[in-house]
Each structure stands twice: as structure tokens, then as C-alpha cells.
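S.K.: what follows is a predicted structure for the sequence shown.
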Amino acid sequence: MSDFFDLEEPEQILEYASRPTPLPEPPELPFLSDLNPEQKQAVEQTEGPVLVLSGAGTGKTRVLTTRIAYILGRGLATSWQVLAVTFTNKASREMKERLEKMIGLSARNVWLGTFHAIGIRILSRFPAEAGLQPRFIVLNTDDQERLIKQILIDNGIDVKKYTPSTVLDIIQRWKDRGLEPEAITPAEDSGYCNGQVKGFYRIYQNRLQELNAVDFGDLLLRPLNLFKTHPEILGYYQKQFRYILVDEYQDTNVAQYLLLRLLAQKHKNICCVGDDDQSIYSWRGAEVENILKFQEVYPNALIIRLERNYRSTTHILGAASALIANNTSRLGKTLKVADGRDGSGERVKVRGYPSGKQEAERIILQVEDEQRRGTFLSQMAVLVRISSQTRSFEDECIKLGIPYKIIGGFKFYEREEIRDAVAYLRLVLNPNDDLAFSRIINKPRRGIGDGALKSITIAAKEHHISLFDAIAWAELRPSVRKTLDAFIGLVRTWQSKMDTYETKELVKHILEESGYIAMWQADKSLEAETRLENIKELYTVLDDFETINAFIEYATLVTDADEKTTGEQLAIMTLHASKGLEFETVFLPGWEDGLFPHQKALDECGEQGLEEERRLAYVGLTRAKKKAFISFANKRLVYGQWQNNIPSRFVEELPPEHIEECIDTSFEYGFQPYQKNTFNSYQQGSSFFDQSENDYFKSSLTPEDSYPTNIRASYSPSPSSHHSRRIGKRVYHETFGFGTVIREEGDRLEVHFDDVGLKKVLARFLNEG
DNA sequence: GGGTTGCCCGTTTTT
DNA sequence: CGGGCAACCC
């Protein structure tokens, strides 16, 4: 029996040294005075299970952080006895920062992190008991897919017909529900690939075990099993966590629910904060039921509703509330403008446009207008349903020279070059990391093809050793052997430098000596240039890490490299990515049936799918503090083909008293006449299609304090726009003046302007200077 | 082993 | 329309 119970956690020792003396009675705790009665109750009701139903903009993060501060301030627990779980790294970082501001450094001892980070922490403490070796690997999505693909191919599956990502998805959904391969019933496994997925799941788990690896799902499943097989370890944590707090409870999956339930069993002081109306992640395993059934699971749970909204105006709240009221499966809340706030404001603008292109044009013009009226660009956002929609807005921004930022999309740590660099590091740290090995063995090209790799794999299987060690045993052509021996030598050299070199220096050496840098340098494409820049960026990031291990763990778990909110940029992102954010002005384009609600959601999930889409609309609308623009287009280019759409059914669900529309009644669509009853005739008899764009918008959208009417005409196309090499050229731009071309990406150029600095512009708006 | 062409398919995405 | 990938050719 291990003696871990006697071990004091390091933070525990620290804690006693810095433990604050319990503060006097509540009124004197400074941070409580700013709370409204419900928030205060949510903070002070520390004992027993509490569910805080927290509507959009009602101050839930504040409640969570204050609650922790309160618990610690009253001396109800010491900081390491508090567990606070969030969903994203971003959320946990924010919470940590806010908490530190409130209570100082002891905030660092709170168990605050994402479910997965907590999972790693537990598994790292008891690896053997959890069936792992110390320093196990956490796979990223990429590794997982390659593993699954190999398994499918080995089993003679046509990976075109049954894609690895779908199989992986099914397995992950099982893991989300806390199900191991044994627990999958044949009925549940009949949906795909002739009921063979369960088998693949088992093989996959065995492969992970062999590799001493876990995937994201295992970071929850393994702790669950650990607690099942080692009740004493469960008891240890149950005892430790006197208070448990959970953020975004509506997003928890079954595995997370089970984990929480186990951990909370002893003290039962669990406080979950969430909003069922903002549950938008069912497609990746989130279980709204968790929040809906809270009271059944924790019988004497207290439910507190936070309904005072500190974010939006009356009209925005009215529109959002009416919309979400169409959902049937919800606990029900009514958001109201918080007391003492100015609830007035403009109605939600609803706009119809002839085409998706014009919609984008008008919205970006409106952005410019709002900007001139004093709204900061960083306080505006375009929220789209699917990521491909971002493209047209991006183009318009480039056209008008508006700085923008696509949020989401390709994340730093998901980029090929960063993953490659991480793979090199993993291999140096642990040459037996077969996945890292196979990722980079021929990157840069070393002449190691399928043939060589196959014979190494065979040797590895035969001797039960890793690929790296199997090189010595494999049958290889002399030239290949020579290359590989040299490679082994390199890895050994890097390993010998591990202790003496700084992490950053080591990585530099590895990437240079391996020829990886040279590989991209040899590639003359613009893309390669970006990749090299990213590698430089990686060096900078590495300064923050003391050990390689710490870095690798971070790079695996943190997929959203700190979204730097640098400077004045318009945010463009999907509705999903917007959750938790807020802006003065929000644009919600593409409200068309089929796109939003998305056809696939309707087809695959029926009424439930529709309700989730509606929640998504609700999330989008409630991001807005002052102004919201909803729009739809009659036709848009989808996959290179024109598609006709009718306005989203969500548009009809918006109450007339909260919106201001600019759509004609005789809006027609193909053969189906579209009659919108709530719309008052704006220009009787004329068709939406027939109307010329300018007439149509003059009275509504075109800014009164007129901007040059035809912005695009004020630019003159450059005769030199077809030259391929433009970097370094002096250019002239109508608005920005003279500048020098820094980078080019197709016809988009990054130009450093003498007066206004870096901007992205389209080549055709430049003249040679 | 590496480069090229031509076909297929196409929500949302965190850890 | 455009990215990813597999078959195909050198």
C-alpha cells in the first residue's frame, strides 16, 4: 500500500504559511457589496448542492470567483481544498486572473482548471494505479486519427466509405458517456461500419495502452476507473475537495457528470453554474440533461436564477427572450434589464439582401459607419453559422482596409509546423513515442518511404519494441540504414543536450540540425514563409516554459493559443466561438432556412436539432450590448453554385415591437411566394428582387452623414497587379497613402504604410508608388 | 520514393 | 469553388 495519504501536497505546505486569517462577518467582505441579492445568495450559500441558472450577461463569472474568495475569506476551506472546473483554458485563465486580483497569491493553490487539466493532474499523481507509466503521452486529434486510420486499414475497411474521423467521433461519443468498449451493446454499435466500431474501439484502446498514451476522453475515463478500482484514492480526493465549483455546466458530458458526482459525494458542496439556453455543444457529447436533472440527482439542491442582465438593451433582450421562448425543453428564465441601467436603445435591425455578397458588402460598410460614430472596431463582431461564411466578410474588410481578425479557424498549436516541432520534442524526450517517430521520420525527406517504414514496423512487432529501437533490427537497404543511423545519432545528441540547454535553445538546435528549417527555407512559397514565422513565434512562446515536458503538455491541451486581442480589429467568428464574449454591436448574417437553422441539424436531430440551433441564435443575439443587425440573403454562392434561400424561421419568431425591419412584403422566392405577416409594407407592390440596391438602402442603411457613396470607385486598379513578385515595392493607396509591400498571399498584400502602419489590402487597389 | 493529376465532398469544434 | 487524398506515372 502506498503511503500517499501521508504525503503533503507541496501547495498544502505553502498554504499554511500564507493562509489568511478568517475575515469577520459578511458585510465587511468588500467584494460582496457589489452583488445583487441573487448573486449574493449564490455566493453565500456555500453548503450543499447549488445550481445557479445564469442567463446571458448576468455576471456568472463574477459569482464564481466571488464565491471562491468568500469560501477562502471566511476560512471555510484552504485554497487547495477548492476545486473549480471550467471548459476552456481561456475561461480558467480568466478566472485565475480575476481571483488573484481579489485574494492574492493564494489563488494559485486553488485546483482551478479545465476538466482535462484536472484529469492529467490526477493521473500524473497516481499513474501506476491508473494503469499507466509515468510520463504518459496525451494524444492530439491528429495522432488519434492516424491511429484509427491504421486500425481501419488493418481490418480491411474502405476508409473512404467509413472515414477515420467518423469512427473516432463515434468512439469519442461513447467515451463522453463514460462507456468503455465492454459496455457497448450491439444495438448501440449497429449504426456504422456494420457494427464493427466497438471492435475498433477495443483495438484502439489496446494500442493506446501499448503506447503509454491517453486521448482526451481518457483524461476523464481513466480517473473514473481509477476511482472505481481504488476507493482509497477516491476517498482521498473526496476528503480534499470540500467545495466544488463548475462553470458552463450545460456543456458537461456524462463522464464529467459522473466524475463530479463521485468527487462531491462526501461534502456535497457542489455549485454548478450554467444556462440551459446556451447549450450548443450536444454534437460533441454535452448532455443538457445534466442541468435539467440536477435536482433529481442532488435532491435538496437549491436553485438560484440570475435574471438581471447587465449587458444588453431592452430590445435586444426582448428579441432574444421571445426567440428562446419557442423552445420546449428548458428550465425557463426571464432576462430583464438590471436596475439602474438605461434600458433604452435601438431595436434589433432586420435586413434582407439580394445576395450573400451584397450582405457582406453592406455589413462591412455599416461597420465603417458605426466606427465613425464612435464605436471601436474591437467592440464589433460578425457572427456566422458556418466557418466558410467568414470568407466573404474577410474579402470586404480587405477591400475597405478594415483590420479584422478571424477567431477560431486554424489554431497555433494545430498548425502543421508546430505539431512537427512538438513531435520532434516528444521523440527526443521519449524515443519510444512511435507516433512522434512516424510523424517526423521522413520530414524533412530522408528517403524513408513506406517500404522502409514497413520493415521497421515488422521488426518492432516481432521484438515488442518501439519503432525507434527497431531500426537496429529491421532489414534495410544500406543507404537507408546509413540515413537512419545518422538520425539515431542526432536524437542521442539532442538527448545529451537536454539537461544543459535552455528549452528554447534545444528546440532551435533540433529544428536546425534535423534539416526541418532548411526544408521550409527551400520551399519558396508564401505559405512556407508563414510557417517559418510561426516557428519563430514558437521560440518566443518557449521562453515561458521551464521544462520541455511542461511545454509539450501545454501544446497538447491548449489548442487556443492565447487569442491576442491586440489593437483595433473587427472580430469575425462562428456563433459557437462567440459564446462567453460580448460586443457593443453584433452582426448576425445568414439567417436563412437551411443555413441557420442548418439543414443538417434539422435532418439529423429533428426537433432537438432545431432547438439547439435556436439556442445558437439566442447566444448570438445576447452577445450584443447595444446594437444587433440580423440579416438574410435571397441567394448565395454555395460550393460554387447559386442557392436560393428563404428567411430563417427564427426571423419570424422575433417580436415586431423589438425589431425594425427593412424588407418588402412582396418578397418572393422561386415558385413559393413568401409572405411575412408581421412585416408592414415598406414599399407596396415592388418586389424585393426588382429593387435596385441603392434605392432600397438609401433610406435605411446608407449613412446619412454620407460616406463616399461609391467606395470602390475611389480606388483605381493597379496595372501592375499581375506581377508575381511585389515584395519590397513602393505602392500608393487612395486611403492609406504610400507604403512598402511586406508580404503577399495571392492577390492580398500586406503593406506597411508610412502613415498608418501595417494593413492588408487587395492588390488591385494599389498603384505603383 | 516523389511529384502530379483528377476525383470527391462539403456543420458547428474544445480538450 | 477549393482542399484533401488516392491512384497513377516517372
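M.R.: Structure received.
S.K.: ok, now which ones touch residue A:433?
M.R.: A:137, A:211, A:426, A:427, A:466 (CB atoms under 8 Å, 6 or more residues apart in numbering). (Glycine included, C-beta is placed from N, CA and C.)
S.K.: could you list the low-pLDDT ranges of chain A?
M.R.: A:1-29, A:409-410, A:526, A:558-566, A:663-729, A:733-737, A:740-769 (pLDDT under 70).
S.K.: can you list the residues of it near DNA strand C?
M.R.: Contacts of chain A with DNA strand C, taken as CB under 7 Å from any atom of the strand, map to A:159, A:160, A:639, A:640, A:641.
S.K.: just curious, which of those is nearest to residue A:39?
M.R.: Closest approach between these and residue A:39, by CB to CB: residue A:639, at 48.0 Å.
S.K.: distance from the helix or strand hosting residue A:84 to the middle of the chain?
M.R.: Per DSSP states H and E, residue A:84 falls inside strand A:82-86. Centre-to-centre, strand A:82-86 and its host chain are 19 Å apart (CA atoms, centre = their mean, to the nearest Å).
S.K.: out of the residues of chain A next to DNA strand C, which comes closest to DNA strand C?
M.R.: The closest of the residues of chain A next to DNA strand C to DNA strand C turns out to be residue A:640 (CB to the nearest atom of the strand; 2.6 Å).
S.K.: burial measure for that closest one, as a count.
M.R.: By the measure other CB atoms under 10 Å, the count of residues near residue A:640 is 5.
S.K.: for residue A:280, which three-state class applies?
M.R.: Taken by DSSP: H, G, I helix; E, B strand; the rest coil, the conformation at residue A:280 corresponds to coil.
S.K.: who touches it in this structure?
M.R.: For residue A:280, the contacting residues are A:575, A:576, A:579, A:612, A:615, A:616, A:619, by CB under 8 Å, 6+ apart.
S.K.: work out for me the element the last one sits within.
M.R.: What that stands for is residue A:619. helix A:599-621.
S.K.: so is that helix next to DNA strand B?
M.R.: Yes - Helix A:599-621 lies within reach of DNA strand B by CB under 7 Å from any atom of the strand, at A:600, A:601, A:604, A:605, A:609, A:613.
S.K.: any buried residues in the longest strand along chain A, and which?
M.R.: Once chain A is assigned using DSSP state E, the strand that runs over the most residues is strand A:624-638. Judged by neighbour count using 16 or more other CB atoms under 10 Å, the buried positions of strand A:624-638 are A:624-636.
S.K.: which two among those residues are spaced furthest apart?
M.R.: Greatest spacing in those, by CB to CB: A:625 and A:635 (32.2 Å).
S.K.: please enumerate the helices of the stretch 101-250 of chain A.
M.R.: Secondary structure of the stretch 101-250 of chain A (DSSP state H, counting those that start in this stretch): helices located at A:115-125, A:141-154, A:164-176, A:197-211, A:218-229, A:231-240.
S.K.: out of the ones you listed, nearest to residue A:273?
M.R.: Nearest to residue A:273 among the helices of the stretch 101-250 of chain A is helix A:115-125 (14.6 Å), distances taken as CB to CB.
S.K.: residues touching the closest one, excluding its own?
M.R.: In contact with helix A:115-125 (CB under 8 Å, 6+ apart) are residues A:4, A:83, A:85, A:87, A:89, A:92, A:111, A:113, A:130, A:132, A:134, A:136, A:138, A:214, A:216, A:219-220, A:222-223, A:226, A:237, A:252, A:256, A:259, A:553, A:557.
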